[in-house]
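Enquirer: with the input below, show me the fold.
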Amino acid sequence: MKTDDSIPASTSASRPAATAAPVAQAPSADAPPRDGLPQPQRLRAMVVMVLGISVAVLDGTIVNLALPGIARELDASAAHSIWVINAYQIATLVLLLPLASLGDLIGYRRVYLWGMALFTLSSLGATLADSLPTLIAARTLQGLGAAGIMSVNAALVRLIYPADRLGRGVAINSMVVAIASVAGPSVAAGILSVASWPWLFAFNVPLGLAVVLIGRKALPRNVAKPAAGARFSWGDVALNVLMFGLIFVGVDRLGVRGDVAVPGAQPIAWALLAGGLGVGFFYLRRQRTLAVPLFPVDLLRIPVFALSMGTSVAAFCAQMLSYIALPFLLLDV
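Expert: The predicted model follows:
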């Protein structure tokens, strides 16, 4: 009898433990998804991502066809008008790594939306620009906004898609970037056939507003969990900006020829290049000593990664050289 009485007692005692485990594991209704977004929200988030990265990439090449017209209307030389493109590319280049690091610390969604907002406002400024310095300043701010968009783009794709479908998200993102990069001249030709060059920037304004408004609800929120030792170092940011900026401007000055060059342009160009390489040497040595570097030098030790990066840089340089030179060449044909 004692044995029979002990069986239900033991069984009843184990029931609360059996029912308690599922209750403890039930996620909160307000908790963010652990691995990607559910399907309706995933679609909305990817629409935001596609629009944002498209306008950021398009603006890197969409101005090329309009450069001769911009130079003529704003009474600028061809060499000076190229800075409408250079300002955008330099600002994007030097701030990609710092803003990616900032996204790790404060959240990728926040960096993306602030970048999109700045890009939209500066597009309006470029639309209203009535002088070359004003246009170049607006394009510099555009590049800063584009850096905010591009720097966290891949990280947001990872948050949008679950791990087993991440390849699809990366493929869509890469396809959009590739299409936007080659579509720039065609889109510019279509706009310039019916409107003047300010409209190249004006169409960004409604698209940017839509991305910001929809993105506030559609993009996933990530809780920033910085790695141990990670921090935002303004000193490293300054070195990063100096290294890329001096090298970029030095290479640009090397291409300046007699009738548009300031006296001593070539020595200045070589001095800028030497300064950029010197800063870069110190900067990269410092990055090797940090637990969480701004510039991940260790990745370049992987042969496949280093070769892929070199190939990408060479292909991008060749593409941009042809995009910028051809409009001026064909203008006189």
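Enquirer: okay, and residue 54 sits in which element?
Expert: Using DSSP states H and E, residue 54 sits within helix 39-58.
Enquirer: output the contacting helices and strands for that helix.
Expert: Helices and strands touching helix 39-58, by 3 or more CB pairs under 8 Å, 6 or more residues apart in numbering; DSSP states H and E, are helix 108-128, helix 132-151, helix 153-160, helix 166-192, helix 204-218. All C-beta atoms are positioned from the backbone trio N, CA, C, and that covers glycine.
Enquirer: what's the angle from it to helix 166-192?
Expert: Interaxial angle, helix 39-58 versus helix 166-192 (axes from the mean of the first three to the mean of the last three CA atoms, to 10 degrees): 50 degrees.
Enquirer: quick one: mean pLDDT for helix 39-58?
Expert: When pLDDT is averaged along helix 39-58, the result is 90.
Enquirer: restrict it to CA atoms and write it as CSV.
Expert: The C-alpha trace of helix 39-58 is given here as CSV (Å, rounded to 0.1, in the frame of the first residue of the first chain):
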residue,chain,number,x,y,z
GLN,A,39,8.0,37.2,-43.5
PRO,A,40,5.7,40.3,-43.8
GLN,A,41,8.2,42.4,-41.9
ARG,A,42,11.1,40.9,-43.7
LEU,A,43,9.7,42.0,-47.0
ARG,A,44,9.1,45.6,-45.8
ALA,A,45,12.6,45.8,-44.3
MET,A,46,14.2,44.6,-47.6
VAL,A,47,12.3,47.2,-49.6
VAL,A,48,13.7,49.8,-47.3
MET,A,49,17.2,48.3,-47.7
VAL,A,50,16.9,48.1,-51.5
LEU,A,51,15.8,51.7,-51.9
GLY,A,52,18.4,53.0,-49.5
ILE,A,53,21.4,51.2,-51.0
SER,A,54,20.2,51.9,-54.5
VAL,A,55,20.2,55.7,-54.1
ALA,A,56,23.5,55.7,-52.3
VAL,A,57,25.2,53.7,-55.0
LEU,A,58,23.5,55.5,-57.9
